[in-house]
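>>> model this:
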Amino acid sequence: MDNREKTLDEFFRKNDTTQRRKYTKEVKKSEPDKIDEYFDSVTSKKVSKKKSFADKLVDFFRIQSYKNKFDEKKVSSNRDQKALENKSRFSEFWMHIGQFLTNRFSFEAGVDILDETSVLYRKNLVIKNILWITNVVFLIFTMIGSEGVNLSVNLILSFIFFLVMFFTNLSIRKIIHEEPKTLQKQQMAEYISAVYILMMAIVVYTKLRLTIGNLTDSAFFSISQAGYSLIYFSLVVLALYQDSKLLKLIFKVAIILMTIVHVTILYPVILYANDFATLINYIRGPIIIDIILRTIVLAIFMIALYSTAKISEDMNNKRKEELIKRRSMEKDFKSVVTDVFDVISVYKRPGSADLDIQYDLSAKRVADIASRLGNYLGFSPKLCKEIYDFSTIHIDKKSLLTLEDYDDKEVLDESDFKKIKEKTMIGSVIIKRLQLDQKAEEIVRAHFEKNANSDFIKEMNGIQNNRESQVILLSHMYEILRQDRNYKRGLKHARAIDLLQLEFYPYFDSQILDRFIKYGEDFESLYYKLTKE
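As a prediction, the model looks like this:
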């Protein structure tokens, strides 16, 4: 053992300051070297791994993602806190604005996604609201360029566009809201809205190109390019429907119409189509390249939109399938729970109204006796109260074992599931309580009929044999012995005590049975008092 180990051993054996100072002086020079040597021998040296640029970039985004999630949770909690505090008028105003936008432009605001008609109806409402804003933008673009052409002609065109927009949107609105709301009507409104917004975007661009596209002012030229982007905007709006069939049709129409626009409006090829040579000389070079590039960009854009819509559509279909399975399970769950509740009700129902009253009074007597016995056994007041509540749960909670309130509901929400879950938990506890009743009845009957062998005793002791259950079982068996049954007459207190002590002792802990027998007179007086109430 080296000096360092001796020093440590002495330190743990005896914490003496003078001795520790003595040993420290002796090993002052040799200890550091030995400690370093020891750690070098047991520690595996890790080869430092140099992180690449990609690893550093991944670490950066991982840290930022964690911070963002943390900030979102923090902001969410702060938002919840602010909801409980007094808000200023400005905050309330913005809250109302956000709520308004959510109600106007949210697809799944209270919509059953399994109902195709209601889903498409909601989508049509949202697209109609978007069309209203889009029409305002179309009118603004239409009225631009009044100084480049005759002002009156431009105003007439704007007025004609306004009439087309007004009556088209009025027709769409009428189709959407017309009763009865059928899937065919909603699909008609969908296709009319799709064709309308695409055609209006192309018409607005054509008007801008014909009126101000040939001017040399770059500002006006940028406006015509902005009008060209409205066509892409219209395709984005159509993708909100998440309807692959609609997008296939519209994309075909868009390719054809945009090709016509490219060769007639953007580049007037028809003016140079007198002969083939003149046409070739005009379109070759940057013109044909520009047309091809515009068509390719449009096609790629439409493919991206179609892929996004298709993915969303497939995900929605998966959600529908899962929701269908869930609702099927809901029905099965309600059916099973209802059957269980019915079985419990039939099991615990003696028959007539008088027998029901006697059954309830018997359960109350068992609960009082069990609670008193628990008190004599030194149980806490809380545990005695729990024993009493458990003894009467099949009486006090029997009105909860029904699902009649949910028979008319096709769809269960989270609160419904929570309430049904609570009912199911109560039902499971009632089943446990009724099992004790059945156990007590079988034990007493088996002993009176001389059928209680060792296997029977072992089987009964395997059913709810904890101390609290034994307390209730003993109380219930005392109640059975005192009452009439079809296989016996009601017994006096002394005879019941003798049978419990001499015949039924294998089913109970000796302390529980001894305590019941010791305070037998108290239980007799309590039982007499309860039977006279």
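
>>> Please count neighbours and contacts with C-alpha atoms only from this point.
Noted.

>>> Ends of stretch 267-282, what's the gap?
Start-to-end span of stretch 267-282 (Cα to Cα, to the nearest Å) is 10 Å.

>>> Can you give the contact residues for it?
Contact with stretch 267-282 is made by Val263, Thr264, Ile283, Ile287, as judged by Cα atoms under 8 Å, 6 or more residues apart in numbering.

>>> Check the average confidence over it, would you?
For stretch 267-282, mean pLDDT is 75.

>>> List the buried residues of that stretch.
Tyr267, Val269, Tyr282 (16 or more other Cα atoms under 10 Å).

>>> Sitting in helices, which of those do you find?
Counting by DSSP state H, the part of the buried residues of stretch 267-282 found in helices is Tyr282.

>>> Pick out whichever of the buried residues of stretch 267-282 sits closest to Glu321.
Tyr267 (50.2 Å; Cα to Cα).

>>> mind pulling up the phi and psi values for the closest one?
Per-residue torsions, Tyr267: phi -130, psi 110 (degrees, to the nearest 10).

>>> low-confidence ranges in the stretch 351-500 of the chain?
Residues of the stretch 351-500 of the chain that meet the criterion pLDDT under 70 lie in 351-353, 401-414.

>>> Would you state the helices of it in chain order?
With helices called from DSSP state H, counting those that start in this stretch, the stretch 351-500 of the chain shows them at 353-376, 381-396, 414-448, 454-461, 467-482, 493-502.

>>> Can you convert the ones you listed into TSV and add a column each for mean neighbour count and distance to Ile324?
As requested, the helices of the stretch 351-500 of the chain are exported to TSV (neighbours: other Cα atoms under 10 Å; distance: least, Cα to Cα, whole Å):
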stretch	mean neighbour count	distance to Ile324
helix 353-376	19	42
helix 381-396	19	35
helix 414-448	17	16
helix 454-461	13	44
helix 467-482	22	43
helix 493-502	16	57
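
>>> Out of those, which is closest to Leu155?
Leu155 lies closest to helix 414-448 among the helices of the stretch 351-500 of the chain, at 56.6 Å (Cα to Cα).

>>> care to break the chain down by domain?
For the chain, automatic domain parsing gives the domain ranges 3-37, 104-312, 349-532.

>>> Among the ones you listed, which comes closest to Lys56?
Closest of these to Lys56 is domain 104-312, at 31.1 Å (criterion: Cα to Cα).

>>> ok, back up a step: could I get the domains of the chain in a markdown table, plus columns for distance to Lys51?
What follows is these, written out as a markdown table (distance: least, Cα to Cα, whole Å):
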| stretch | distance to Lys51 |
| --- | --- |
| domain 3-37 | 29 |
| domain 104-312 | 36 |
| domain 349-532 | 48 |
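
>>> Which of those sits closest to Phe53?
domain 104-312 (30.7 Å).

>>> ranges for the strands of the stretch 251-400 of the chain?
Assigned by DSSP state E, counting those that start in this stretch, the stretch 251-400 of the chain shows no strands.

>>> what's in contact with stretch 455-471?
Ala370, Leu373, Gly374, Ile387, Leu436, Lys439, Ile443, Pro506, Tyr507, Phe508, Asp509, Ile512.

>>> should've said stretch 244-253
Tyr191, Ala194, Val195, Leu238, Ala239, Met302, Tyr306, Ala309, Lys310, Glu313.
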